[in-house]
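build me a model:
(chains A, B and C)
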Amino acid sequence: MAKDIEISTAEAQFIVGALKERYRLDGRSFDEFREVKIKFGNEYGDVMVEMGETKVHVRISCQVTQPYEDRPFEGLFLISTESTPMAGPQFENGTNTSGDEVLISRIIEKAIRRSGALDVEGLCIVAGSKCWAVRANVHFLNCDGGFIDASCIAVIAGLMHFKKPDITVHGEKVIVHPLDEREPVPLGILHIPICVTFSFFNPQDTEENIKGESNQEIAIIDATLKEELLRDGVLTVTLNKNREVVQVSKAGGLPMDALQLMECCHKAYSIIERITDQIINQIKEDYKEREKYKALLSSENARDAS
Amino acid sequence: MSRLEIYSPEGLRLDGRRWNELRKFDASINTHAHLSDGSSYLEQGNNKIFTLVKGPREPSQRSQLDQSKATLNVTVNITRFSKFERSKASHKNERRTLEIQTSLVRTFEKNLMLQNYPRTVIDIEIHVLQQDGGLVGSLINGITLACIDAGIAMYDYISGVSVGLYDTVPLLDINSLEENAMSCATLGVVGKTEKLSLLLVEDKIPLDRLENVLAIGIAGAHRIRDLMDQELRRHAQKRIANSSKK
Amino acid sequence: MPLSVAEKSYLYESLANTPSIRPDGRTPYQFRPVEVYTDFLPSSNGSSRIIASDGSECIVSVKCKVVDHTVDDDVFEIGIDIANERDDSLIVESITSLFNNVAQGIDKENLRLTKRYSFKIYLDVLVLSSFSYPVSLISFGIYTALNSTYLPKLISSFDDLEVEELPTFHDYDLIKLELKVPLVFVLAVVKDNIFVDPASNETEVADNGLIVSWTNGKIVAPIRTIALNDTFTKGFTPKLLQEGIKLIEKYANDIVRALEAL
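Numbers count the residues shown, from 1 in each chain, chains lettered A, B, ... in the order given. Got it, this is the predicted structure:
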């Protein structure tokens, strides 16, 4: 197992002490999500998401393959989340079986794949024999907390941005048209799930947390790496704009009052609303930028309109 | 296949329960006294689970040694015959199993007084002989009982239960047919408080209904806590009676 | 708990004595008591849980499926899982191969449903704990589990080659499965003596071990030797092999009667 990052006692006490005084190291308030920077690459489905120092790169790709026998009408959708030491010394090559890494990949999987964000039936080409396999490769480039949130935004933005080559079907024969031959087609996105992670700290002792009535536990949104290392509990909420809870994961950790957890969900909603709009707008702008010369090159003219 | 009526207009579920009723809950502790320090056998509906707690004991590897507290390990063995259809592959290294194990470790790490047993390891071994929905909740109950039997200091009981949401009706303690038909939440509730140690929602639930689901889940978990408490007291009384005979 | 050199030497001497003295006072042909529960898993077609007096415990589940035996001829599958052992560990693999060998000797005619379809039996064994070599225990578990297995009653015709149809079953009538698996016994050899059902302390000092299978009044394959410990293993005279076989031939009937009395 790779060595965990250790944090000195003095620094730990300082960070937790500051939290008790309602200060965070980077000057944010408890309920403030870091600014999300989304950048699209040259190709469709190439997305880089930055949140503070956290950097995640996602590349969507697709190929024609055979569907599963028991699901002949559905395409394949895979999310691969492999962390490498590039993201930080706490990650190791190849072995992604430590607790944190399993939870990260399972939550992203549940948030996007199991919730049916991608219309897999739309990926079917010839029932039972040919379909598209869409693959999202998530690369963690730098870790400063909030991996789940950042990669979820990156994957869903990538899927929305991605376009697959157009096809023509003649019976069993399928022609895949290269991108320069025919305008590619976007994927069917059914809803946009966004994850928001809360980190919990216990300012008192354990007895007060379990038996007490005071509910003094601190909940902060979008923790940085240092805060993540020190936290007592974590809650990841995934919501979409239709006010649906897609996934909630509080896998143990500090026991929290149910009402406080509900409050977290409501707080998360206002954040995901904002991020959803940001993704949609940025994709629109990116497409506009790409199609800048379209009007110029178009052979369409006023006569066609009549 | 005919469509099953998950929740009839008369308010009855597939197995004849009403929305707020638990399944049959049958627990016993100290079932494997010879091979573990604490053990429990739990039947929650058709879930049948053995839990063995071994420890606190000396770790076999030095890397497991922690100077300040005990190291907690949980292994969940979901047998291949546990579901109605036998599974082709072993569940041992599945991601889902790993996720359950990690979640259980994190749930009980905060509830067992591990700081009382430094430089030791506590191994929890679970064998799922049969599963019928709401597995994680049942695993939590099994561990709570086995840890109490092992005499490991805990802050409070943790009781687990699953709640499904069928349209607008929350259904308590769902079985596998219900689990496949609707979205559900699993709760791990600490004692008689309203505090949740574990909360897992795996499918879409409208945000405004979530509170309702949690409320019925907490009530159900409190009832399970009482049932576990009853069994422990019954067992303790039997032991006292046996020891005073000698 | 590991035994000291002095304890081992004492045990060995007393077992090698004529007449031999076993640490728990048993005679050479006496088995330890077992507790057996059957049919406790409703989602399996048959099941048993067997607990030996030393706390060794084994759970067996029988599940069945209808298969087309013209495609898949293998209608009997055994999976063995030992708690705290990896699936590819030596002990799991050797026991699995032993029982696959045992399974070859089963008459599978009773699993035949129609000319085309058969029941396929999946036997899953979970050994929760074992203090001595668990083969006997597993074998008793398998025997009792199959003995408690009831399968749906066929109501469609046996001959389905002319009329293409899937077998259909009675809604609730079940038929008891008649399938006899060989019983497997472990014997321990100490000097010139041979013992059935060795306890863990006896296996520690045994010169060698013998695995003998028996079904329907006669000894069948596999018969094997097995090293019961890493330190004491020695050879033994062929006379003991015959003696061991005789011992099993003499007492196996009583065991079967006990297991069937459930």
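
okay, CA-based contacts and neighbour counts for the rest of this
OK.

and the residue of the stretch 51-200 of chain A found nearest chain B, how many neighbours?
Of the stretch 51-200 of chain A, the residue with the smallest distance to chain B, taken as C-alpha to the nearest C-alpha, is A:G99 at 5.5 Å. Number of residues near A:G99 (other C-alpha atoms under 10 Å in any protein chain shown) recorded here: 16.

where is the longest helix in chain B?
Longest helix in chain B by number of residues, with DSSP state H as the criterion: helix B:207-245.

name the SS class of the residue of chain B found nearest chain C, please.
Residue nearest to chain C within chain B (C-alpha to the nearest C-alpha): B:F84, separated by 5.3 Å. Classification of B:F84 by DSSP: H, G, I helix; E, B strand; the rest coil places it in coil.

for it, grab phi and psi.
B:F84 adopts backbone torsions of phi -60, psi -50, taken as degrees, to the nearest 10.

roughly how far does the residue nearest to it when sequence neighbours are not counted sit from A:R135?
Spatially, and ignoring its direct neighbours in sequence, B:F84 is nearest to C:S43 (5.3 Å; C-alpha to C-alpha, 6 or more residues apart in numbering or on different chains). Distance of C:S43 to A:R135, computed by C-alpha to C-alpha, to the nearest Å: 37 Å.

cool, B:N141 as well?
According to C-alpha to C-alpha, B:N141 and A:R135 sit 39 Å apart.

chain neighbours aside, what residue packs nearest to the residue of the stretch 51-200 of chain A closest to chain B?
B:T102 (5.5 Å).

and that neighbour, helix, strand or coil?
State at B:T102, reduced to three classes by three-state DSSP: helix.

next: C:Y143.
Looking at C:Y143 with three-state DSSP, the answer is helix.

just checking, it touches C:E178?
No. Here C:Y143 lies out of contact with C:E178, judged by C-alpha atoms under 8 Å, at a distance of 11.0 Å.

of these two, who's got more company?
Neighbours of C:Y143 and C:E178, each counted by other C-alpha under 10 Å, are more numerous for C:Y143; the result is 22 against 16.

give me the low-pLDDT residue ranges for the chain?
I went with chain A, as the question did not name one. Judged by pLDDT under 70, chain A has its weakly predicted residues at A:1-3, A:94-97, A:300-306.

looking at chain C here, not the other one
Applying pLDDT under 70 to chain C flags residues C:1, C:160-164.

got the residue ranges for the strands in it?
Counting by DSSP state E, chain C forms strands over residues C:34-38, C:46-52, C:57-68, C:76-82, C:117-129, C:150-154, C:169-176, C:183-190, C:193-196, C:208-215, C:218-226, given from the N-terminal end onward.

returning to that earlier point: list the contacts of the residue of the stretch 51-200 of chain A closest to chain B.
If you count contacts by C-alpha atoms under 8 Å, 6 or more residues apart in numbering or on different chains, A:G99 has them with B:L98, B:E99, B:T102.

count the residues that sit near the closest residue to chain A within the stretch 101-250 of chain C.
Of all residues in the stretch 101-250 of chain C, C:L166 sits closest to chain A, with a separation of 20.0 Å (C-alpha to the nearest C-alpha). Using other C-alpha under 10 Å as the criterion, C:L166 is surrounded by 14 other residues.

and it, backbone torsions?
Backbone geometry at C:L166, expressed as degrees, to the nearest 10, gives phi -80, psi 150.

now do the helix or strand in which A:R106 is found: distance to the chain's middle.
A:R106 is located in helix A:99-108, with elements delineated by DSSP states H and E. Taking C-alpha atoms, centre = their mean, to the nearest Å, one finds helix A:99-108 lying 12 Å from the centre of the chain it belongs to.

just stretch C:251-262 next, same as before
Centroid separation for stretch C:251-262 versus its chain: 13 Å, with C-alpha atoms, centre = their mean.

and for stretch A:256-272?
Offset of stretch A:256-272 from its chain centre (C-alpha atoms, centre = their mean): 19 Å.

how close does A:T197 get to C:S61?
Counting by C-alpha to C-alpha, the separation of A:T197 from C:S61 is 43 Å.

more neighbours: which of the two?
Between A:T197 and C:S61, counting by other C-alpha under 10 Å, C:S61 is the more crowded of the two (30 against 26).

test my guess that that one contacts C:I50.
No. Using C-alpha under 8 Å, C:S61 is not in contact with C:I50, being 11.7 Å away.

what residues are up against the closest residue to chain B within the stretch 151-300 of chain A?
Using C-alpha to the nearest C-alpha, the single residue of the stretch 151-300 of chain A nearest to chain B is A:G252, 3.5 Å away. For A:G252, the contact set (C-alpha under 8 Å, 6+ apart) comprises A:G233, B:S103, B:L104, B:V105, B:R106, B:T107, B:F108, B:K110, B:S197, B:L198, B:L199.

same check, this time on B:D203
Residues in contact with B:D203 (C-alpha under 8 Å, 6+ apart) are A:R114, A:S115, A:V245, A:V246, A:Q247, B:S183, B:C184.

once you drop chain neighbours, what's closest to B:D132?
Of all residues not flanking B:D132 in the chain, B:S176 sits nearest, at 4.8 Å (C-alpha to C-alpha, 6+ apart).

that neighbour: neighbouring residues, count only.
Residues near B:S176, counting by other C-alpha under 10 Å, number 15.

wait, it touches B:L135, no?
No. With contacts counted by C-alpha under 8 Å, B:S176 stays clear of B:L135, the gap being 9.2 Å.

are we agreed that B:S197 is in a helix?
No. When classified by three-state DSSP, B:S197 is found to be strand rather than part of a helix.

wait, A:T197 touches A:D222, no?
Yes. Between A:T197 and A:D222 a contact is recorded at 5.6 Å, counting by C-alpha under 8 Å.

the residue of the stretch 151-300 of chain A closest to chain B: what secondary structure?
At A:G252, secondary structure determined by three-state DSSP is coil.

pLDDT score for the spatially closest residue to it that is not a sequence neighbour?
Leaving aside its sequence neighbours, A:G252 sits nearest to B:T107 (C-alpha to C-alpha, 6+ apart; 3.5 Å). Residue-level confidence at B:T107 comes out at 94, pLDDT.

give me the element B:T107 is part of.
For B:T107, the enclosing helix or strand under DSSP H and E is helix B:95-109.
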